[in-house]
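Enquirer: Give the three-dimensional model of this entry:
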Amino acid sequence: MLKASYVPYRLDFNFKALTSRGALPYKDTYFIKVWNPDNPDKFGIGECALFRGLSAEDNDDYEVALRQLCRCINNGAKYDVSDRSSIMFGLETAIADYQNGCVRTPFPSDFSKGNGCVTINGLVWMGSVKEMAQRAEAKIESGFRCVKFKVGGQDFEQEFKLLERIRENHPPKNLEIRLDANGAFTKDNALERIKRLSQLVIHSIEQPVLPGQWDLMAHICAESPIPIALDEELIGCRPMTDKHNMLRHIRPAYLILKPALCGGFSGADEWIEAAECHNIGWWATSALESNVGLNAIAQWVAAKTVTMPQGLGTGSLYNNNIASPLCLDGELLKIAIENKWSFPEFKWITTE
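Expert: A predicted model of the protein is given here:
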């Protein structure tokens, strides 16, 4: 019978991380491990990547639920964490890692063996227009052919001029531009802004208005000259019938899958199944996970043999990230098998 324990961990950003929800000085996360008591040195590990302020499960009893899960596992009792997306994400990773030899390979493929790569987009973090322009050019110079910008967090005219300047310097044949509004547009200005942005040959725009407005989002999808991708709209939508109903009603062009936010890997797989039924595209995106969560998402998506750029991080956000074999070569995320995992001396919390 497997045993389980968990530990909280605070990730410290190595730069001023501005988002549409304010500045983030740090990111709290949790790790969970599972092992056989007959061989405690071999364990599977996963990240319960709670995203405060965005996760539907962000509440005061989160750690209580994590402790209860470990207690149930340790006592051989039944448990259900289907309503705890990030806990499901961490537990699925830990169990898959354990089942595949406890070597941080939850989803084996050529990629996990160091023989493949995942193409990713370059993310331009929010900042002043000057800072964003510099960051975008740095991404492009380093080899990214797909760059994603956050829009809606500042003066729209300034954002438009920034994107216009980027497009003037980098034509569509050389650079794919993706946008993410994080729900910042409104019923009154969404389509007007999207139509203006379409002049710049934009690949897609994520979540133009806040989630939960199915009729409005359906109208925008039908009228928008830019393909619309759903992101936050997926959070908290669990039953398969609800997934189909939402996609049938809104009919987006793409889904953005964050496994830690949309039901773990099993939930993300359900979204892919539903998307394929409705002829909707998708790509995966990380959500500020440490290298433990990022590694799991990268291996999961690599095992699906995708070709379009994924929205994965690079592991460089934090000054105390977990050392891992993940590495970046231009726009290609790879696993350098000569590099090893290295974990701090965690004080694991065990419950009986």
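Enquirer: which intervals of the stretch 101-250 of the chain have sub-threshold pLDDT?
Expert: The stretch 101-250 of the chain contains no residues with pLDDT under 70.
Enquirer: hey, where'd the strands end up in it?
Expert: 118-119, 122-124, 146-150, 176-180, 204-206, 228-230 (DSSP state E, counting those that start in this stretch).
Enquirer: Most tightly packed of those?
Expert: Of these, the one with the most neighbours on average (mean count of other CB atoms under 10 Å) is strand 228-230, at a mean of 27. (Glycine included, C-beta is placed from N, CA and C.)
Enquirer: got a list of contacts for that one?
Expert: By CB atoms under 8 Å, 6 or more residues apart in numbering, the residues outside strand 228-230 that reach it are 204-208, 217, 220-221, 250, 252-256.
Enquirer: Make JSON lines out of those residues and add distance to residue 7.
Expert: Rendered in JSON lines, the data for the contacts of strand 228-230 read as follows (distance: CB to CB, whole Å):
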{"residue": "204", "distance to residue 7": "38"}
{"residue": "205", "distance to residue 7": "38"}
{"residue": "206", "distance to residue 7": "33"}
{"residue": "207", "distance to residue 7": "33"}
{"residue": "208", "distance to residue 7": "38"}
{"residue": "217", "distance to residue 7": "39"}
{"residue": "220", "distance to residue 7": "43"}
{"residue": "221", "distance to residue 7": "42"}
{"residue": "250", "distance to residue 7": "39"}
{"residue": "252", "distance to residue 7": "38"}
{"residue": "253", "distance to residue 7": "40"}
{"residue": "254", "distance to residue 7": "36"}
{"residue": "255", "distance to residue 7": "32"}
{"residue": "256", "distance to residue 7": "29"}
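Enquirer: gap between residue 223 and residue 195?
Expert: 9 Å (CB to CB, to the nearest Å).
Enquirer: swap in residue 230?
Expert: 20 Å.
Enquirer: hey, where'd the helices end up in this protein?
Expert: 62-75, 85-99, 129-141, 156-169, 190-197, 214-223, 240-250, 264-277, 291-302 (DSSP state H).
Enquirer: out of those, which comes closest to residue 177?
Expert: helix 156-169 (6.9 Å; CB to CB).
Enquirer: now the angle between helix 129-141 and the closest one, please.
Expert: Orientation note: helix 156-169 sits at an angle of 30 degrees relative to helix 129-141 (axes from the mean of the first three to the mean of the last three CA atoms, to 10 degrees).
Enquirer: List the buried residues of helix 156-169.
Expert: Residues 156, 159, 160, 162, 163, 166, 167 are the ones in helix 156-169 that count as buried (16 or more other CB atoms under 10 Å).
Enquirer: One more: stretch 218-233?
Expert: 218, 219, 220, 221, 224, 226, 228, 229, 230, 231, 232, 233.
Enquirer: for the fifth one, what are its contacts?
Expert: Spelled out, it's residue 224. Here residue 224 is in contact with 191, 194, 195, 198, 205, 208 (CB under 8 Å, 6+ apart).
Enquirer: Quick check on the residues you listed: which are buried?
Expert: Among the contacts of residue 224, the ones that count as buried (16+ other CB under 10 Å) are 191, 194, 205, 208.
Enquirer: quick one: the strands in the stretch 251-352 of the chain?
Expert: Assigned by DSSP E, counting those that start in this stretch, the stretch 251-352 of the chain shows strands spanning 254-257, 281-284, 326-329, 332-335, 349-350.
Enquirer: right, so the ones you listed: which one is the most enclosed?
Expert: strand 254-257 (a mean of 24).
Enquirer: avg pLDDT for it?
Expert: What strand 254-257 shows for mean pLDDT is 98.
Enquirer: if we can go back for a sec, adding distance to residue 17 as columns, could you present the helices of the chain in JSON lines?
Expert: JSON lines is the format used below for the helices of the chain (distance: least, CB to CB, whole Å):
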{"stretch": "helix 62-75", "distance to residue 17": "21"}
{"stretch": "helix 85-99", "distance to residue 17": "19"}
{"stretch": "helix 129-141", "distance to residue 17": "12"}
{"stretch": "helix 156-169", "distance to residue 17": "19"}
{"stretch": "helix 190-197", "distance to residue 17": "25"}
{"stretch": "helix 214-223", "distance to residue 17": "28"}
{"stretch": "helix 240-250", "distance to residue 17": "30"}
{"stretch": "helix 264-277", "distance to residue 17": "25"}
{"stretch": "helix 291-302", "distance to residue 17": "16"}
